[in-house]
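> Pasted the sequence and its predicted model underneath.
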Protein chains: 2
Amino acid sequence: MGNGKSGIFDTEAGRCLQQLARQPYDLTAPESLTSGGRLEKYVCRSDSLRLLYSTQRVTDQVIDALQELADECCLVEQFRQMRRGAVLNRIDGWPSENRQVLHTSCRDIFSSSPAEPSAAAQAKDNLSQLKDFLGDLETGRISNALGEKFDTLIHVGIGGSDLGPRAIYESLRAFGRSDRKVYFISNVDPDDAAAVLEQVNLATSLVVIVSKSGTTMETLANEQIVREVLRRADLDPRNHCVAITGEGSPMDNLACYLRSFHMYDFIGGRFSITSMVGMVTLGFALGYEKILDFLQGAAEIDLLAEEPDIRSNLPLLLAMLGVWNHTFLGYPTLAVLPYCQALHRFPAHLQQCDMESNGKSIDRLGRKLTHQSGPILWGEPGTNGQHAFFQLLHQGTEIVPVEFIGFLQSQRGIDVEVSGTLSQQKLVANLLAQSVALATGKQDENPNRRFPGNRPSLLLIAERLTPAVMGALLAVYEAKIVFQGFTWNINSFDQEGVQLGKVLATRFLICMTEGQKRHDSLESKLLQIVLEKGC
Amino acid sequence: MGNGKSGIFDTEAGRCLQQLARQPYDLTAPESLTSGGRLEKYVCRSDSLRLLYSTQRVTDQVIDALQELADECCLVEQFRQMRRGAVLNRIDGWPSENRQVLHTSCRDIFSSSPAEPSAAAQAKDNLSQLKDFLGDLETGRISNALGEKFDTLIHVGIGGSDLGPRAIYESLRAFGRSDRKVYFISNVDPDDAAAVLEQVNLATSLVVIVSKSGTTMETLANEQIVREVLRRADLDPRNHCVAITGEGSPMDNLACYLRSFHMYDFIGGRFSITSMVGMVTLGFALGYEKILDFLQGAAEIDLLAEEPDIRSNLPLLLAMLGVWNHTFLGYPTLAVLPYCQALHRFPAHLQQCDMESNGKSIDRLGRKLTHQSGPILWGEPGTNGQHAFFQLLHQGTEIVPVEFIGFLQSQRGIDVEVSGTLSQQKLVANLLAQSVALATGKQDENPNRRFPGNRPSLLLIAERLTPAVMGALLAVYEAKIVFQGFTWNINSFDQEGVQLGKVLATRFLICMTEGQKRHDSLESKLLQIVLEKGC
C-alpha cells in the first residue's frame, strides 16, 4: 500500500480479510482447539519468547491473508528503512516533525555492521559515558559533600520519561542491587513529590531529571520542588542533580547539574527506554552488565522483525493478529494481561506507547482515515484481574481481545507447596485456563452459567522474566506498534493531539494569576464556578 | 420498567432518548459551553462534591428524558428497597445467590432510624470490636511475643478483598500514622509475596488475611507462604495472623488466628470496603476517628441517592449520564481520570466494582439482553495521562467518554511557585483545559492539528481529598454502578462469569501433578506445548 492508498479496505488482502471476517473460525465447536494439530501449529518462536495463538479466531487462510496484507503494506521493508534512518516521522504535504525514527539504534551496539552506523556509534558513546559514571558512583569518586556514596536515585520525568523507566524498573526489581533504592516523581500534583520526598534520605540521593526539551511544565515544577527541599536540607542541588535532556536545551548546563546525558530528536519519548532516559536509572538500580543483557534482548527482536515470513516474525505476527481483531473483527479495545506481578506497570507503559502512537485520525498524506486506527489498550496483572474485571471478559456484552503474558518460573524462586502445587504452578494453570475458557465457552441450562466463548486471546510465554527477556518483550511491543501504524498508514511517531490541552491550560493559568481582568472568557466563567468565587 | 421488560429501548423514555441521540448537542458550535447559562446550570451538588456536566452532549430535554427513564425503571425505589434489605441478588426462575445487598448498612450507623436495623446493628457491633482491637494495639495489650507493639500490617487478599482496601489506603496515606506501615499481598505469583516479605520486619507485623469463604486459592497460598516465613523466623503465626472471613468458614478459628472479624453473604466483595474488609486495615493505618469520617462521607451519599430528582441526586445523575453515553451514544468504554496522584489505584478498584457488577449478558429473568450492559472502564491519573494516552482521546478514531476527578487543594499542602503559579494551580488548570479541549475541539488548516471535539467529559470536584470526601466519592461510584445495573435490568451482584476459569484451572493443576496419565486431553496437550515437555 505504501503511502499511496489510505484505506486498508482498498487493498486486495484487505478485501479478502473482510470476507474472511464474516465467518471467523469457531472456537466453541467440539475439538476446535485440538483438531488439525492447531495447538502445535499456531506457535511462533523467538530466541526467548513463544507466541501461542490457537485461541485466536484465525485459520491458515487468515494468516496467509495477513501475510499478504503485510506484504502489500511493505511492513518489513518500512521497518528496515526505519532502522536505517529513513525520515518516517512526517505527514507528506504538511508541516510536521520530519524526523528519523531511530530508537532501535540504542541497542544496535552488538553488531559489527549496525543498521545506522552514526546513531549506533552515538549510542555506544552514551553507554560508555554511563559506564564511567556508574563506575565513579561505585568507587565513590562521585559522592555527596560528605564523601558518602549515593544509595538512592529519584527519577523525575513524565510520560515517556516516566512510564517506561518505571515499568521496566518494577519488572526487574528482583535483579536490583539491595544497597540501592529508586523512587519516581512524575505528576504535577504536589502530593506526588511530597509523598516521595518524605521517604528518602536526601543527603545520599541523586536526582535524575528527564526532559528532552528542558521545558516540560510538570518536570520543571517537580525539579524546583526537589531543589528547594535540597537547599532547605543545606545540600547543594548542583551536586545531586543529573540532567537527561536534548543537547543545548536549557537543562544542558553543567553549572546547574552534576552531569548531563543526552536525548535526541530521532528518538520519541514513548520509545526512549533503551536510550539514556531509561538506562541511567536502570543502570544505577541493576548495574551496567544487566542493562547490557536487557539491550541485547531487545536487539535480537529488532533483527527478527526484519524477517519477511509472518509465521517466523513474532512481532509482525502479533501486530497482524491485532489488526485482524481490531480492524476486521471490529473490537475497539485490547487487554494486555501479564500473569506476573513484576509486570504490574507494563500495561500502563504500553498504553502510552500504543495509544499515543496509533491514536490518530489522518493518514500519512493528511487525509481523514476511512478505517479505525489504534485500539484502547488497558490491563492489570493476573490472577488479580480474575477476581476483578474478568466477569466482563467472560460474560459481558463488550468483547475484549486479550494478550496474556506468562512465565514458567518465578523471578525470586521463593515458593511454597499448598494443596499439592506451588504458587507458580497455580499461576500458570490459571493463565492457560483463562485462555481456553474465553475461547471455548461453555453451555449450561442456567442462562447465567453460560459462557458464549469465541473471545480471542493469545499467550506470550517465556521461561523466566530476566533482563534479557524483558528487553525482548519491550522490543516486541515497540515493533508491533510500529507495524500496526504502517498497516493503518498513519504517522505513529508524532503527538499533535496533546497540543490543544497545553494551550488551554496556559489560558486557565493566566486567568488564575491575572484575576478579574478577563471576566467574559470561557476560562474565567468556568474558573468562577469551579472555585466558587471570582478568579 | 421493573423486572418485566428486558429492553431499555422498549421503554417510552428509551425510545425518546434513541431519538435524541441522533442529534446530540454540538459542543463544537460557537459559545456552545457558555450560551444559555449552561456552565452554571449543569452543576449538581452534594455536601462535599460537585458534578459539572456542561461538557456532556446533553440538553435539558435529554436530562428530562433520563429522569423519565430513571422513573420508568424505578431506580430510586429499587435503591431504597436495596438499603432496606430486599433480596436483589437473584435471577428470577433460575438458581442464583438469592441474597440481600446491604453494603450500605456498613455506614448506616449515624442515623437513629437505620434503613435495615439488624444489619446496621451488626455493623456497629463490628466497629465496636474493631475499636477495642485498635485500642489494644495502641496500648500494647495486644503485642508480639517480646511485648513490642505491632507497627506493620500485611494485608493478604485478592479482588474485592484487595483492590478496594488498597485503593483507599493509597488515597489517604497523607492522613496515615507515621509510625505505622501497611503492605499488600494479592497475586498468586509467588514473587508478589516474596517482594513484600523481604521489606518488612516480621516480628512487629500483623498479617490480616481476608477471604469470605476461607477457601480463596490465591489467598490461602499466600497465607501459607507468610506463615512459613513467620515460622522460619521463630515467630508463632497464631500470634500474628488476623482473619477476616465469613462466620463459620474454615478461617473462623481462634486456634489459628489472633482475632476473627466477620464478613456477611449480603455484602459482595467488590462492595465490601466499608465492612471489616477495609476497615481493619484502614483503622490500623489512619486511626479509628478517621475511618468514622470516611464512613460518614459514604453515609451522606447513600441518603442523597434516595432523592428522586435526577438534578439533585448526584450519583443518579452520574449513572444516567453514563447510560446516555454508553447505551444511546454507543461508546464502549469509560475513562475515569483522577487529577490526583493519591487516587492512582482508584480506577483499578472501580474497574472491578463496575465491570464485575455490570459485565453481564442476561437480564433479571434470565433472558439474553437486547442492549449492551456495562462499559469497559479504565484510567490513570492526570496530568500523567496527558503525556501518555490523551493523544488518542483527542485525535483517535475511538471516542472515550471521560469522568475527571479533581480537588482544589492538595492533601499535604507542600507546594512551590514556579513561573508564577503553584503546582496545584497547574494541576487544576490542566484538568479544566482538558475537559474544554475534548468538548470544543479546534479547527486548523493543517489536518494533523485539527481536533474534532464533541468528546464528552464531566468533572467531579471537591475542595480536598479528605477521609470524608473519599467516603463520599466511593459511595457515589457504588451507587452509580447499582443504578446503571437497575437501568440495564441486570443482576449487578453476582459473578458467575468467574466460575469456568476456576474449573479449568483445577483441571490444568491436576494434569500438572498427575503427569502422564491423561495424554489426550486438551489440558495435557496444551501443557506439553507450553512446558515443551510432557506434563
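Okay, I see it.

> pLDDT below threshold where in chain A?
Within chain A, the stretches falling below the threshold (pLDDT under 70) are A:1-6, A:515-519, A:533-535.

> Which residue would you name as the spatial centre of it?
residue A:350 (3.2 Å; C-alpha atoms, centre = their mean).

> What backbone torsions are found at the closest residue to chain B within the stretch 201-350 of chain A?
Using C-beta to the nearest C-beta, the closest approach of the stretch 201-350 of chain A to chain B is made by residue A:341 at 4.1 Å. From N, CA and C alone the C-beta is placed, and that goes for glycine too. Residue A:341 has phi and psi values of phi -60, psi -30 when expressed as degrees, to the nearest 10.

> do the same with residue A:502
Note on residue A:502: backbone dihedrals following degrees, to the nearest 10 are phi -60, psi -40.

> For it, list the residues it contacts.
Taking C-beta atoms under 8 Å, 6 or more residues apart in numbering or on different chains as the criterion, residue A:502 is in contact with A:217, B:433.

> Could you check how far it is from residue A:244?
21 Å (C-beta to C-beta, to the nearest Å).

> Equivalent analysis for residue A:26, please.
Relative to residue A:244, residue A:26 is positioned 51 Å away (criterion: C-beta to C-beta).

> which one of the two has more residues nearby?
In this view residue A:26 and residue A:244 are compared by other C-beta atoms under 10 Å in any protein chain shown, and residue A:244 has more residues nearby, 30 against 10.

> I figured the more buried one was touching residue A:277, is that so?
Yes. Applying C-beta atoms under 8 Å as the test, residue A:244 and residue A:277 come out as touching, 5.8 Å apart.

> Find the residues that touch each one of those two.
Contacts common to residue A:244 and residue A:277, judged by C-beta under 8 Å, 6+ apart, are A:157, A:161, A:210, A:263.

> And the residues you listed, which two are furthest apart?
Of all pairs drawn from the shared contacts of residue A:244 and residue A:277, the one with the largest separation by C-beta to C-beta is A:157 and A:263; the distance is 10.6 Å.

> domains of chain A?
Domain ranges of chain A: A:8-72+A:307-492, A:103-295, A:499-531, per automatic domain parsing.

> just to revisit the earlier point, next, format the shared contacts of residue A:244 and residue A:277 as JSON lines and append neighbour count.
Written out in JSON lines, the entries for the shared contacts of residue A:244 and residue A:277 read as follows (neighbours: other C-beta atoms under 10 Å in any protein chain shown):
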{"residue": "A:157", "neighbour count": "31"}
{"residue": "A:161", "neighbour count": "30"}
{"residue": "A:210", "neighbour count": "31"}
{"residue": "A:263", "neighbour count": "26"}
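
> still on that earlier bit, the residue nearest to the centre of chain A sits in which helix or strand?
Here residue A:350 is covered by helix A:346-358, with elements defined by DSSP states H and E.

> can I get the CA coordinates of that helix in CSV?
Taking Å, rounded to 0.1, in the frame of the first residue of the first chain, the C-alpha atoms of helix A:346-358 are listed here in CSV:
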residue,chain,number,x,y,z
PHE,A,346,3.9,-2.7,31.9
PRO,A,347,0.3,-2.3,30.6
ALA,A,348,0.5,1.4,31.6
HIS,A,349,3.6,1.8,29.6
LEU,A,350,2.1,0.0,26.6
GLN,A,351,-1.0,2.2,27.0
GLN,A,352,1.2,5.2,26.3
CYS,A,353,3.3,3.6,23.7
ASP,A,354,0.4,2.2,21.7
MET,A,355,-2.3,4.9,22.2
GLU,A,356,0.0,7.9,21.7
SER,A,357,1.5,6.3,18.6
ASN,A,358,-1.6,5.0,16.9
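
> Helix or strand next in line after that helix, which one?
The helix or strand immediately downstream of helix A:346-358 is strand A:376-378, counting by DSSP H and E.

> Tell me which other helices or strands that next one touches.
Secondary structure elements in contact with strand A:376-378, counted by 3 or more C-beta pairs under 8 Å, 6 or more residues apart in numbering or on different chains; DSSP states H and E, are strand A:333-338, helix A:346-358, strand B:376-378.
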